[in-house]
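J.: predicted model, plus sequence, below.
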Amino acid sequence: MTVRNKYRPCCLIIFLLCNVFVFSQEKINAAKQRSNIVLIIADDVSWNDFGCYGNKIVKTPHIDKLAKNGLKFTNTYLTASSCSPSRCSIISGKYPHSNGAAELHEPLPVSEIPFPLLLKENGYYTAQAGKWHLGPYATKAFDRYTDTKDENNGNAKGGEGNWVKFIKERPKDKPFFFWLASNDAHRGWSADKFHITHNPDKVNVPVYLSDTPKTRKDIASYYNEIGRFDFYIGEVVSELRKQNVLENTMIIVMADNGRPFPRCKTRVYDSGMKTPFIIYYPKLIKKKGKQSNSLISSIDIAPTLLEIAEIKIPNDYQGISFTPILKQANKKIRKQVFSEHNWHDYEAHERMLRDENFLYVLNSRPNLTNGGSADSKRSPSQTDLNKLRDLGKLTDAQADVFVSPRPREELFDIRTDSLQLLNLASHEKYKEVLNRMRKELKTWQRKTNDTIPDHLTPDLYDRETGKLLDKKKNHDKLPRNK
């Protein structure tokens, strides 16, 4: 054998190995070029309960830092102040009545297209960890899925212990999408002994609650849950930084509905329907620490993320991409947002329309009280309100959860009444505004095929105590909206 022939096999092997290396490196580089996405969802947290939104008591340093280096939205609205309908809207890009999952615990139908499935089909690695609540079909959108079971961390109650684990174990040659959903701050409280604590004497008590020691303790425990949520966000950011992918990753922090207190969760006012919404995305957000006052809806998330990933948006999605706002903070993409309140523990049918100046509510069940969710009805905060009611000492704001019958229509001037305390629907000065918003809501209902069923799902819990009604223990047998 000549010297030339002797080394030919070795050269061939080296050549092949080099090609494999180059091919692998090209795949990794391609993955780095496409934007990674991490969507982090809190459970039952109102929009102004993060430090970056002006709450000077709650401890959210990691979220605040994302806002400082990203973009904070001040007018982001959910389609429902109820966990599963809200989450189904986010993942489907549709209103609850349009996607067929309008009520609590209804799964996303197989007729819908979850946006993570489109990411998965177009080369993204997709994973979910934490609270789910969307049913079995939508889990097919993920390469890796787990619910609230924590594999390694007993201190986390909602799957947060898997967040970093999943990020560490992801394939490194693909762009990734993570749906990370906490149980914080859902009742019952379990973060009081976590290393982040809040002093009940210093918490902020909303005007519609009673300023008592028990209510303050209730709010402090709620803040502790938010503090724990923030802690795990810090862990995620730290891991992304270690992997050198943070600068190519879009991080979104939001909530699925308002805080689990009277006049918040399930309500269509800002205290229930408005969500904190923070985006960290250096690739597109060039001016750090900006604030956007533009109206957006949670159904806008799906088309936006698909556009970021350069994937075709389904024609039946009802949302609008807000990527122009990421480039120009106060770019307007909407004049209005719409939301709804359907069955969540109790019979209900409300629709809400909000623009930059006014909030309009149409209540198709004005004969019923609107006290909130059953877990809120069983809270110390509600008990304190009940005591004030029995003593005849409620303020108008505190009395709202007991009012029956309720107004069929409500109109609030956001410019002077940010908490929506004064109903102006009967005020002559606002007659023109009322008529306009009434027509606009009807137009939206017609376009989205939103009808009022003859028979609504009845109460599952007692409206006074929040306890399960004995005659309706098996909710699967209840008549649904028809």
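T.: Nice, I can see it. Numbers count the residues shown, from 1 in each chain.
J.: residues near Asn357, how many?
T.: 11 (other CB atoms under 10 Å). Using the backbone N, CA and C atoms, a C-beta is placed for each residue, glycine as well.
J.: got it, and Tyr461?
T.: There are 18 residues near Tyr461, going by other CB under 10 Å.
J.: you'd agree Asn423 is up against Glu410?
T.: Yes. The pair Asn423 / Glu410 is scored as a contact, 4.8 Å apart, by CB atoms under 8 Å.
J.: between those two, who's got more neighbours?
T.: Glu410 (23 against 16).
J.: grab the nearest non-local neighbour of that one.
T.: Val361 (4.1 Å; CB to CB, 6 or more residues apart in numbering).
J.: what about that neighbour, distance to Val268?
T.: 6 Å (CB to CB, to the nearest Å).
J.: what residues are shared contacts of the two?
T.: Common contacts of Val361 and Val268 (CB atoms under 8 Å, 6 or more residues apart in numbering): 350-352.
J.: sitting in helices, which of the residues you listed do you find?
T.: With DSSP state H as the criterion, helices contain none of these.
J.: adding distance to Pro206 and neighbour count, write those residues out as JSON lines.
T.: JSON lines is the format used below for the shared contacts of Val361 and Val268 (distance: CB to CB, whole Å; neighbours: other CB atoms under 10 Å):
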{"residue": "Glu350", "distance to Pro206": "20", "neighbour count": "21"}
{"residue": "Arg351", "distance to Pro206": "24", "neighbour count": "22"}
{"residue": "Met352", "distance to Pro206": "19", "neighbour count": "26"}
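J.: phi first, then psi, for the residue nearest to Ala129 when sequence neighbours are not counted.
T.: Spatially, and ignoring its direct neighbours in sequence, Ala129 is nearest to Asn162 (4.1 Å; CB to CB, 6+ apart). Dihedral pair for Asn162: phi -90, psi -10, per degrees, to the nearest 10.
J.: wait, Asn162 touches Thr146, no?
T.: Yes. Asn162 lies in contact with Thr146 (CB under 8 Å); the separation is 5.7 Å.
J.: okay, now the residue nearest to Arg463 when sequence neighbours are not counted: neighbour count?
T.: With sequence-adjacent residues excluded and distances taken as CB to CB, 6+ apart, Arg463 is closest to Thr369, at 5.7 Å. The local packing of Thr369 (other CB under 10 Å) involves 16 other residues.
J.: quick one: Thr369 from Ser404, how far?
T.: 4 Å.
J.: below-threshold pLDDT in the stretch 101-250 of the chain: ranges please.
T.: Along the stretch 101-250 of the chain, the model assigns pLDDT under 70 to residues 148-158.
J.: how about the helices in it?
T.: Remark: helices assigned in the stretch 101-250 of the chain by DSSP state H, counting those that start in this stretch are 115-121, 163-168, 213-242.
J.: and the last one, what does it pack against?
T.: What it means is helix 213-242. Applying 3 or more CB pairs under 8 Å, 6 or more residues apart in numbering; DSSP states H and E, we find helix 213-242 packed against strand 36-42, helix 61-68, helix 163-168, strand 249-255, helix 380-391.
J.: pretty sure Arg301 sits in a helix.
T.: One correction, residue 301 is Ile, not Arg. Yes. Remark: Ile301 belongs to a helix, assigned using DSSP: H, G, I helix; E, B strand; the rest coil.
J.: compare Asn162 and Thr146 (neighbour count), which wins?
T.: More neighbours surround Asn162 than the other of Asn162 and Thr146, with 25 against 18 (other CB under 10 Å).
J.: rewinding a little: contacts only, for the residue nearest to Arg463.
T.: Contacts of Thr369 by CB under 8 Å, 6+ apart are 401-404, 406, 463.
J.: relative to Ala309, how far out is the most centrally placed residue in the chain?
T.: By CA atoms, centre = their mean, the mean C-alpha position of the chain lies nearest to Asp256, the distance being 2.7 Å. Look at Asp256 and Ala309: by CB to CB, they are 23 Å apart.
J.: in the sheet, which residues pair with the nearest residue to Ser297 once chain neighbours are set aside? Tell me.
T.: Distance criterion CB to CB, 6+ apart; nearest residue to Ser297, sequence neighbours excluded, is Val337 at 4.6 Å. Val337 has the following beta-bridge partners by DSSP bridges: Arg354.
J.: hmm, Arg354 and Val337 touching each other?
T.: Yes. If you go by CB under 8 Å, Val337 and Arg354 touch, sitting 5.2 Å apart.
J.: quick check: neighbours shared by those two?
T.: By CB under 8 Å, 6+ apart, Val337 and Arg354 have these common neighbours: 77, 295.
J.: more neighbours: those two, which one.
T.: More crowded of Val337 and Arg354, by other CB under 10 Å: Arg354, with 26 against 23.
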